[in-house]
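Engineer: structure of the sequence below:
(chains A and B)
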Amino acid sequence: MDGITLQLFAMQLFTGLALGAIYVLLAVGLSLIFGMLTVVNFAHGAFFMVGAYVGYSIYQYIPNFFISLMLVPLAVACVGMLAERFLVRPLYGRGIDYPLLLTFGLGYIMVEVIRILFGKQGLPVDTPELLQGSMNILIGQFPIYRLFVIAITAVVLLGLWLFIEKTSFGLIIRAGARDPQIVRILGVDIARVWLIVFGLGTGIAGLAGYLSAPMQGIAPEMGGSVLIAAFVVTVVGGMGSLAGAVVAGLLIGVVESMSVLFVPEAAKVSMFIIMAIVLLLRPQGLFGRSGLMS
Amino acid sequence: MSIDIQAIPASPKTGIRHWIATHRVLATLAFLIVFPWLMPNQSVAINILIYGLYALGFNLLFGYMGMLSFGHAAFLGVGAYTAGILIAKFGVAWWLAIPAAILVSALAALAIGVLAIRSRGIYFAMVTLALSQCVYFLIYQFPLSGGENGLRGVNITEIGPAALSLSLLDPTVKYYFILCFVALALWLLSRILASPFGGIVEAIRENEARTRACGFNVERTKLITFILSGAFCGLAGALNAIHLSSVAIETLHYETSGLVVMICLLGGMGTFFGPFVGAALFMLIQDMFSLWTEHWQLYVGAVFVFLVLFFPKGVWGTLLEKLHAR
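Structural biologist: Residues are numbered from 1 along each chain as shown, chains lettered A, B, ... in the order given. Presented below is the predicted three-dimensional model:
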C-alpha cells in the first residue's frame, strides 16, 4: 500500500468517473427504453458501436469533433427509430422475450454490417486537438478529454431530466411508463411516443460510443463488453430508474478503476461481485420498485 | 381441463405419428444413428450432435420452463475446461473426466442459479449474461486454463479395454461414441419431462403464480431445472473438448450463449427434437455460407430476425403445428 498516494487515489477516482459516465449514458438509454416499451434492448451495445463508427465517418468529411459529436446522436437515433418502427413494433403484445431476441439478432447483423463496411480490424481515433493534454484539477494533472466526457454526460443528463420532468412531452413519457393504456385512452398516440423514446435511448447510446472512441479506439466488437456492463448497472441501479442508472453507473465505474489500483486480478470481476451482493440483499436494485419485474 | 383436450392432437392413436409421439427418444435416436450418412462430412455431423446436446440442455430451461438464460456458455465452458484440464494436465481417464465435468458444471449452475433466480422475468436474461461473463474472466485467469490461447492437448485417441480398443481418430467411431452420451441425455430428459417434476416445470412456464398457489415450490423447481440444464450443457462441453482435443476461450464468450438461444429458436423451443433441427440448420448455414462469404454471421442474424418476426415457433415447431392442424 506504500506506493498508493492520495494523489494516485484521486486520479483513479476521476478515471473511474469518466468510465462510469459512459456506463451511465448507456444504462440511462437502456432504462428509458425498458421503462416505456418494456423492451430490453440487446442491440444497445451495437448502437453504441455504430455511434462510434458514424462519428468516425462524419469526422472524415467534416474534421470538427464538436460538429460530429452533435450529428452522431441524430444519425444513430434515426437508425434506432427505423429499427423500432419496422422490427420491434410488430412484436408488441407477443411476450417480453421476443423483442429481446429480435434486438439480439439485430445487434448481430449490425456488427457484421460494420465489419463489411470498415473491416474486422479496429481503428484508432485521435483525441481532438482542443481536448488533448491534461490540466491541473487541484489534486494533480488529469487528462482534459476525460473531464470533457464527464462534463458532456452531466449536460446530457441535465437535459434529459429537464425534458422528462419539465416539458409536456416528458409528462406523456412519465404517464406512458406508468400506464400506457390510460394514456392511449386519453388520446395520445403512444406508438409515436415509443418511437421517439427508442430513438432517444439509442441516440444517447450512439453519443456514448463516439465519446468513448478517443479513449479506447473503435472496433466492431466494442459494444459487447460495454453492453454487459450496462446490464450490470441497470440491475444494480434498478430497471426503469434513471436515478438508479446514474448512481450505479458511477459506482461501477469507480469500483472498477479502484480495483485496478488495489486488486488488479479482480478488476474484471469487481462489477459482478457488486451485482451479486445487490441481488442477494435487494433483488429489485438500489432504486428499483419491487414487483416491477413480475 | 378444457385446455388439455385442445392440446391433444386429433390424430388417430395408431400409425407412425403416434408411435413417434410416444417413443420420442427412440425416434430421435433412430434419426441420429443414420444422420452422419446424410451430412456432407462427419465433422459437421459431430458438431451438430454436440451443439444439439448443448441446445437440449438450454431448451429444458427456456423451452420447457420459459426462462431465457443468456449465460449458458458458462456451463458449456466449465464442462469443457473441467474435462480438458483433467485429461490434459492430470492424465485422468475419459470415463472419469466426463462425470467430473458434469458435476462441476452442475455446481457452477447451482452458484449462478441461486443468484439468477432471485431476479424475475426480463432481469433473468441480463443477470445470467453478466454472471457468465464473470465465469469467463475467472477461467481466463485460472492458471491451468491456458488463458488467451485456450487449452490444448486434450488427447483421447483410444477408448475401451486394450483388446477391444477403438480409435477416436476415426470420425465415425467418434460420432457414435458421442451419440452414446447423447442417447443417455435424451432418455434422461424424456424421463424428467414425463415425471411429475416435469409437469411442474411446464406449469411454471404456463402460469407461475397459479403453480405457486397450487402449493408447488416454484423456487426449488427453478433451481433444480437450472442445475439440470447446466449439467446437460456441461456434458456437451466435455464432449466438445474431447472432439476438438482442445478448448478455446471463445467457448465461454457471450456469443456462445447467444448461439444456443439462436439454435433453440431456429429449431423450435419446447419441442423434443427441435434443438437438433436448430443445431443442424445453424451448422449447415454456417458451413455453406462460410464457403462463399466470410460474413456468414450476417445471414445467420437475418434468418434469426426473420424467424422471430414470422415463425416464433421455429422450423420444427411450425412443422409440428402444421401436422397437428391437419
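Engineer: contact partners for residue B:165?
Structural biologist: By C-beta atoms under 8 Å, 6 or more residues apart in numbering or on different chains, the residues touching residue B:165 are B:158-159. All C-beta atoms are positioned from the backbone trio N, CA, C, and that covers glycine.
Engineer: distance of it relative to chain A?
Structural biologist: 44 Å (C-beta to the nearest C-beta, to the nearest Å).
Engineer: of all the residues in chain B, which ones are close to chain A?
Structural biologist: For chain B, the residues in contact with chain A (C-beta under 8 Å from any C-beta of the partner chain) are B:68, B:115, B:118-123, B:125-127, B:129-131, B:133-134, B:137-138, B:141, B:254-255, B:258, B:261-262, B:265, B:295, B:297-298, B:300-302, B:304-305, B:308-309, B:312.
Engineer: which among these end up buried?
Structural biologist: Buried residues within those, counting neighbours by 16 or more other C-beta atoms under 10 Å in any protein chain shown: B:68, B:115, B:118-119, B:121-123, B:125-127, B:129-131, B:133-134, B:137-138, B:254, B:258, B:261-262, B:265, B:297-298, B:300-301, B:304-305, B:308-309, B:312.
Engineer: sitting in helices, which of the residues you listed do you find?
Structural biologist: Among those, the ones falling in helices (DSSP state H) are B:115, B:121-123, B:125-127, B:129-131, B:133-134, B:137-138, B:254, B:258, B:261-262, B:265, B:297-298, B:300-301, B:304-305, B:308-309.
Engineer: looking at it, residue B:282 is touching residue B:51, isn't it?
Structural biologist: Yes. Residue B:282 is in contact with residue B:51 according to C-beta atoms under 8 Å; the separation is 7.1 Å.
Engineer: and the strands in chain B?
Structural biologist: Here chain B has its strands, by DSSP state E, at B:151-152, B:158-159, B:166-167, B:246-247.
Engineer: and those strands, which is most packed in?
Structural biologist: Comparing the strands of chain B by mean neighbour count (mean count of other C-beta atoms under 10 Å in any protein chain shown), strand B:246-247 ranks first with a mean of 24.
Engineer: so what strands line up beside it?
Structural biologist: Paired strands of strand B:246-247, with direction, are strand B:151-152 (antiparallel) (DSSP bridges).
Engineer: rounded mean pLDDT for the strand it pairs with, please.
Structural biologist: The predicted model assigns strand B:151-152 a mean pLDDT of 86.
Engineer: which residues in the longest helix along chain A does the neighbour count mark as buried?
Structural biologist: Secondary structure assigned by DSSP H gives helix A:6-37 as the longest helix of chain A. Buried residues in helix A:6-37, counted by 16+ other C-beta under 10 Å: A:11-12, A:14-37.
Engineer: and for residue B:282 and residue B:51, which residues touch both?
Structural biologist: B:259, B:263.
Engineer: where's residue B:51 relative to residue B:275, distance?
Structural biologist: For residue B:51, the distance to residue B:275 (C-beta to C-beta, to the nearest Å) stands at 8 Å.
Engineer: quick one: the helices in chain A?
Structural biologist: Using DSSP H, helices in chain A cover A:6-37, A:44-61, A:65-83, A:97-118, A:144-166, A:168-178, A:180-185, A:190-216, A:222-237, A:242-262, A:270-281.
Engineer: and the fifth one, which residues are buried?
Structural biologist: Of the residues in helix A:144-166, those buried by neighbour count under the rule 16+ other C-beta under 10 Å are A:144-150, A:152-153, A:156-157, A:160, A:164.
Engineer: out of these, which are close to chain B?
Structural biologist: Counting by C-beta under 8 Å from any C-beta, no member of the buried residues of helix A:144-166 reaches chain B.
Engineer: quick check, nearest of those residues to residue B:91?
Structural biologist: residue A:146 (50.7 Å; C-beta to C-beta).
Engineer: contacting residues for the closest one?
Structural biologist: A:14-15, A:18, A:215 are the contacts of residue A:146 under C-beta under 8 Å, 6+ apart.
Engineer: present those residues as a markdown table; the columns should include pLDDT.
Structural biologist: Formatted as a markdown table, the contacts of residue A:146 follow (pLDDT from 0 to 100):
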| residue | pLDDT |
| --- | --- |
| A:14 | 86 |
| A:15 | 87 |
| A:18 | 91 |
| A:215 | 88 |
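Engineer: state the mean pLDDT of stretch B:111-123.
Structural biologist: 83.
Engineer: so which residue is dead centre in chain B?
Structural biologist: Within chain B, one residue has its C-alpha closest to the average C-alpha position: by C-alpha atoms, centre = their mean, that is residue B:54, at 2.1 Å.
Engineer: what comes up buried for stretch A:110-125?
Structural biologist: Quick answer for stretch A:110-125 (16+ other C-beta under 10 Å): A:110-115, A:118, A:125.
Engineer: among those residues, which ones lie close to chain B?
Structural biologist: A:111-113, A:115.
Engineer: same list (the residues you listed) but as JSON lines, adding pLDDT.
Structural biologist: What follows is those, written out as JSON lines (pLDDT from 0 to 100):
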{"residue": "A:111", "pLDDT": "93"}
{"residue": "A:112", "pLDDT": "93"}
{"residue": "A:113", "pLDDT": "94"}
{"residue": "A:115", "pLDDT": "93"}
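Engineer: among those residues, which one sits closest to residue A:232?
Structural biologist: The closest of those to residue A:232 turns out to be residue A:111 (C-beta to C-beta; 20.7 Å).
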